[in-house]
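Q: Sequence first, predicted model second:
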Amino acid sequence: MSLSHFDPLANLRVFEDAFTRILSEPQTNRPWSPAVDIYETENELVLKADLPEVDQKEIDVRVENQTLTISGERKFAKEDAGKGYHRIERSYGNFMRSFAVPNTFDTEKIGAEFHNGVLTVTLPKKEAAKPRQIKVEVKA
C-alpha cells in the first residue's frame, strides 16, 4: 500500500495562480476610469482628469443635455510587450466619465486644455449665477 500526501490548499493555489495571471497580463479591452477632481471658483467650474500616457488626439470632450462626457483610449505599447514584464497593473483601453452640469454654468463657452497628462476642463458661470453684492439702504 502506498501513501500519498494530501494537500487541502491545492485547489486554492490553482485559483490564486489563475487570478494572479489574469491581473498580470495586459488588459487592453477592460474599461478603466481616470481619477477626476472637480471644484468651483467664483467664476467657473473646473474639472481636472489624470490621463497619463493618453495621446491628446485620443481624448474627446462633449457636452450634451447638461452632461459633460470625457472619453478616450490609453493604448498599450506593443513594442514594449517583449521586454519581460513581471507585472502589468495599469489599465489600458477605452475610458469614459460623465458628469451632470448644473444649469448655472454656460456649456456654450466650455474650454479644455491638456498639459503633462492632465486634462483641465473649465465651464464659466452664467452672469445670472455669479454672486453679486446688494447695497442695503437704511431708511431714517
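A: Noted; the coordinates are in hand.

Q: Look at L123 and give its secondary structure.
A: On the three-state scheme (DSSP: H, G, I helix; E, B strand; the rest coil), L123 is labelled strand.

Q: Any idea how many residues pack against it?
A: A count of nearby residues for L123, using other C-beta atoms under 10 Å, gives 22. C-betas here are computed from N, CA, C, even on glycine.

Q: Look up the pLDDT of it for me, please.
A: If you check L123, the pLDDT there is 94.

Q: I'd like to know how far it sits from N43.
A: In this view, L123 and N43 are 10 Å apart by C-beta to C-beta, to the nearest Å.

Q: Please apply the same query to V138.
A: Using C-beta to C-beta, V138 is found at 31 Å from N43.

Q: quick one: low-confidence ranges for the chain?
A: Low-confidence segments of the chain, defined by pLDDT under 70: 1-11, 19, 21-31, 78-83, 129-131.

Q: For it, just list every one of the strands.
A: Here the chain has its strands, by DSSP state E, at 36-40, 44-50, 60-64, 67-74, 93-100, 111-115, 118-124.

Q: Could you say which one of those comes nearest to D17?
A: strand 93-100 (24.4 Å; C-beta to C-beta).

Q: hmm, back to that, settle it for me: which of V138 and N43 has more neighbours?
A: Shown here are V138 and N43; by other C-beta under 10 Å, N43 has more neighbours (12 against 4).

Q: quick one: P34 and N94, what's the gap?
A: Distance from P34 to N94, by C-beta to C-beta: 11 Å.

Q: Looking at these two, which one has more neighbours?
A: P34 (20 against 14).

Q: what's the neighbour count on R13?
A: Neighbours of R13 using other C-beta under 10 Å come to 10.

Q: ok, it to H86 distance?
A: When distance is defined by C-beta to C-beta, R13 is 19 Å away from H86.

Q: Would you confirm that F76 contacts Y92?
A: Yes: here F76 reaches Y92: they are 4.2 Å apart, a contact under C-beta atoms under 8 Å.
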